[in-house]
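Novice: let's see this in three dimensions:
(one chain, ligands or ions: 1)
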Amino acid sequence: MAHVQGDLVVGVDLGGTKIAVAVADTEGRIQARQSAPTPAAAGPEAVVAAIVALVQRTVAGLALAGTRLAALGVGVPGPVETGRGLVWTAPNLRGWIEVPVRDLLERPLGVPVFVENDAKAAALAEHRSGAGRGCQHMVYLTVGTGVGGALVLDGRLYRGASESAGEIGHMILQRDGPLCGAQHRGCLESLASGPALARAARARLEAGRPSLLRDLVAGDLERLTAHHLHQAAQQGDPLALAVLEDGAAYLGQAIASLADILNPELVVIGGGVAQVGEMLLAPVRREAYRLAFARAAEVLRIVPGELDAAAGVVGALLVGLEGLRGAPATVQWPPG
Ligand SMILES: [Zn+2]
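Specialist: Got it, this is the predicted structure:
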């Protein structure tokens, strides 16, 4: 890409329920942030129109004399062909099959648009502006409703031959295990995501085991989520602690394998379930260090993400900034 042509870059984090937008100057200083609900059920055109409206509103709200939009980065929840800015599928968005997001956004906005998978964008955020600053080889894991992942190797996002690398959540750990969202059996996501942990807790409760969890959901086990597990575990509930330990052990197992294969210096864990904190991370580390080869384990650190829920939108900003500049960039975080 040639020189910077304008003053503002926009990052768009497209999620299944929410569109988050951030605007930064070309030095990566965030000037504004906004979000709006995703009209996910209304199809790709409605979602694209909602993005355009939110971007225009956010940029107009800045009302800075002499500024203009120079580029846009978008993180989308599905596999992407970055060269064409095409989204292959997005399971949480109805009707998203081979959607040319780049072209659909460039037309109304009139600036270059760069599209990236959301987990890869979030990994970029942690690497450039968060827990991974300065490291060369980093594995990123996001543990929430699903388990996502991405790899930064030799300081760069690793995409693989068809840009599908980094699906750590679908590493298979149990041959006849439970089903995941992508209909695999026994992958990490099926064993350690928020819904997987809730399901494991429910099975133990249905077997009659005592636990605070029953009170936390007023007896309605269908309502049980990882959030309740965290609450009960904080109060020392043995069942909740055991379920979290199990989930952590699977995460640790997967990380040990990744450490042996890739020899990263850092594993960054983000996402909602990761907000459980040390109660989850301590057993993850114990298992990873126990199982990995000593040479891989001795250089490995396993840390929580620093950007939390903002990783997606900061990553999208970086996708826009780096697309425009053709070189690594940083976003100043936390914003000043
Ligand atoms: Zn899977």
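Novice: may I ask you to name the longest helix in the chain?
Specialist: If you go by DSSP state H, the chain has its longest helix at helix 238-262.
Novice: is that one in proximity to the ion?
Specialist: No - interface with the ion: helix 238-262 contributes nothing (Cβ under 5 Å from the ion), its closest point being 11.7 Å away. For glycine as for every other residue, the C-beta is placed from the backbone atoms N, C-alpha and C.
Novice: show me what that helix is packed against.
Specialist: strand 138-143, helix 188-192, helix 194-206, helix 226-234, strand 266-270, helix 278-291, helix 294-297 (3 or more Cβ pairs under 8 Å, 6 or more residues apart in numbering; DSSP states H and E).
Novice: run through the bridge partners of L72.
Specialist: V10, V113 (DSSP bridges).
Novice: any idea how many residues pack against it?
Specialist: As a burial measure, L72 scores 30 neighbours (other Cβ atoms under 10 Å).
Novice: related to what we said a few turns ago, between the longest helix of the chain and strand 266-270, how many degrees?
Specialist: 140 degrees (axes from the mean of the first three to the mean of the last three Cα atoms, to 10 degrees).
Novice: just how off-centre is helix 238-262 within its chain?
Specialist: Helix 238-262 sits 18 Å away from the centroid of its parent chain (Cα atoms, centre = their mean, to the nearest Å).
Novice: next, the buried residues of that helix.
Specialist: 239-259 (16 or more other Cβ atoms under 10 Å).
Novice: stretch 267-287 now?
Specialist: Neighbour-count burial for stretch 267-287 [16+ other Cβ under 10 Å]: 267-276, 279-281, 283-285, 287.
Novice: next: stretch 186-200.
Specialist: 186-198, 200.
Novice: for that stretch, the averaged confidence score.
Specialist: Stretch 186-200 shows a mean pLDDT of 96.
Novice: just stretch 305-319 next, same as before
Specialist: Stretch 305-319 comes out at a mean pLDDT of 96.
Novice: could I get the CA-only coordinates of it as PDB?
Specialist: Extracted in PDB, the C-alpha atoms of stretch 305-319 (Å, rounded to 0.1, in the frame of the first residue of the first chain):
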ATOM      1  CA  GLY A 305      -5.500 -11.100  27.800                       C
ATOM      2  CA  GLU A 306      -5.200  -7.500  28.600                       C
ATOM      3  CA  LEU A 307      -7.800  -6.100  26.300                       C
ATOM      4  CA  ASP A 308     -10.800  -8.100  27.400                       C
ATOM      5  CA  ALA A 309     -14.000  -7.300  25.400                       C
ATOM      6  CA  ALA A 310     -12.100  -4.600  23.400                       C
ATOM      7  CA  ALA A 311      -9.700  -7.100  21.800                       C
ATOM      8  CA  GLY A 312     -12.100  -7.400  18.800                       C
ATOM      9  CA  VAL A 313     -12.500  -3.800  18.000                       C
ATOM     10  CA  VAL A 314      -8.800  -2.900  18.700                       C
ATOM     11  CA  GLY A 315      -7.900  -5.800  16.400                       C
ATOM     12  CA  ALA A 316     -10.200  -4.500  13.700                       C
ATOM     13  CA  LEU A 317      -8.500  -1.100  14.000                       C
ATOM     14  CA  LEU A 318      -5.100  -2.700  13.600                       C
ATOM     15  CA  VAL A 319      -6.300  -4.600  10.500                       C
END
